[in-house]
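> Quick one, fold the following:
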Amino acid sequence: MTRPKNLLCLAGCALLPALAASACATAAGAGDQTAQAQPAHEACTSRNTHAHSRCGFLDRYDTDGDGSVSREEFDAVRLDSFSAKDADGDGVVLEEEYVAEYETRLDRQLAERREAAIRQTYVRFEFLDSDDDERMTQDEFGVSGSRMFGRYDVNGDGRIDDADPSPQSRREQAESHEGSH
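Numbering: from 1, shown residues only. The predicted structure is shown next:
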C-alpha cells in the first residue's frame, strides 16, 4: 500500500503555526524560575498544552486532576486510546483504523477551534463597533490597528523591527501597572 506521506506532511505543516505559537509560549516561560517552580498544572496554560509538551502530557493523562500522572492513570488512558483506534475490536489496529481515528479526532478538534474562533470574531466586532450601530467604519477598525502597531513598536520609532524588544504580555503589563501604584 502506498502511504500518502505528502498529505500527512501537509496536514502536519498546516498545524505548525499553532504548535509554533505554543512552543514559543512554552519557551518564553522556560527561563522563568517562577514558572518552573510552580506545580505543572498551575504553570500550564491553554497556549502551552500541545500534545508533545509536559503540559499536554499532564492534560491528557492526569485523569484525577491531582497534578501528577501515576503509571495506572497513564496505562488506563493508553488502553482507552488503543481501544478507540481498534474499530473492529479484534485487538489489532490496522493502518486504516489508526488513521481514521486520528482524522475523526482531528476533525472534532478543528471544528471546536473553528467554532471558538467564530465566537471570538463576534466579540471582536462588538468591541470594534464603538458606537454600537452594527457597522464598522474604517476609523473604528483603525483604532485596533493603531493599538496593535503601538504594542509592537516598543521603542516608539515608527518601525517594527529587531530593534524593538518583545512586548510585554497583557498579564505582565497589568502586573507592572499594579506594582507602580
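> For the nearest residue to residue 69 once chain neighbours are set aside, give its distance to residue 109.
The shortest distance from residue 69 to any non-neighbouring residue, by C-beta to C-beta, 6 or more residues apart in numbering, is to residue 61 (4.3 Å). From N, CA and C alone the C-beta is placed, and that goes for glycine too. Applying C-beta to C-beta, to the nearest Å, the value for residue 61 to residue 109 is 17 Å.
> which of those two has more neighbours?
Higher neighbour count among residue 61 and residue 109: residue 61, with 16 against 11, using other C-beta atoms under 10 Å.
> Identify the residues contacting the more buried one.
Applying C-beta atoms under 8 Å, 6 or more residues apart in numbering, we find residue 61 in contact with 69, 73-74, 77.
> and which of these is nearest residue 157?
Closest to residue 157 out of the contacts of residue 61 is residue 69 (48.2 Å), distances taken as C-beta to C-beta.
> Assign that closest one to helix, strand or coil.
Secondary structure, DSSP: H, G, I helix; E, B strand; the rest coil: residue 69 is coil.
> My understanding was that it contacts residue 55; is that so?
No. Counting by C-beta atoms under 8 Å, residue 69 sits too far from residue 55 to count as a contact (11.8 Å).
> what about the two, which has more around it?
residue 55 (21 against 17).
> What separation is there between the more buried one and residue 125?
32 Å.
> go on, residue 78?
On the measure of C-beta to C-beta, residue 78 and residue 125 end up 43 Å apart.
> again, but for residue 119
For residue 119, the distance to residue 125 - C-beta to C-beta - is 11 Å.
> do residue 158 as well
Distance from residue 158 to residue 125, by C-beta to C-beta: 29 Å.
> Looking at the two now, which is surrounded by more residues?
Between residue 158 and residue 125, counted using other C-beta under 10 Å, residue 125 has the larger neighbour count: 13 against 7.
> mind listing what that one touches?
Counted by C-beta under 8 Å, 6+ apart, residue 125 has contacts residue 136.
> what number of residues lie near residue 137?
That count, for residue 137 with other C-beta under 10 Å as the rule, works out to 13.
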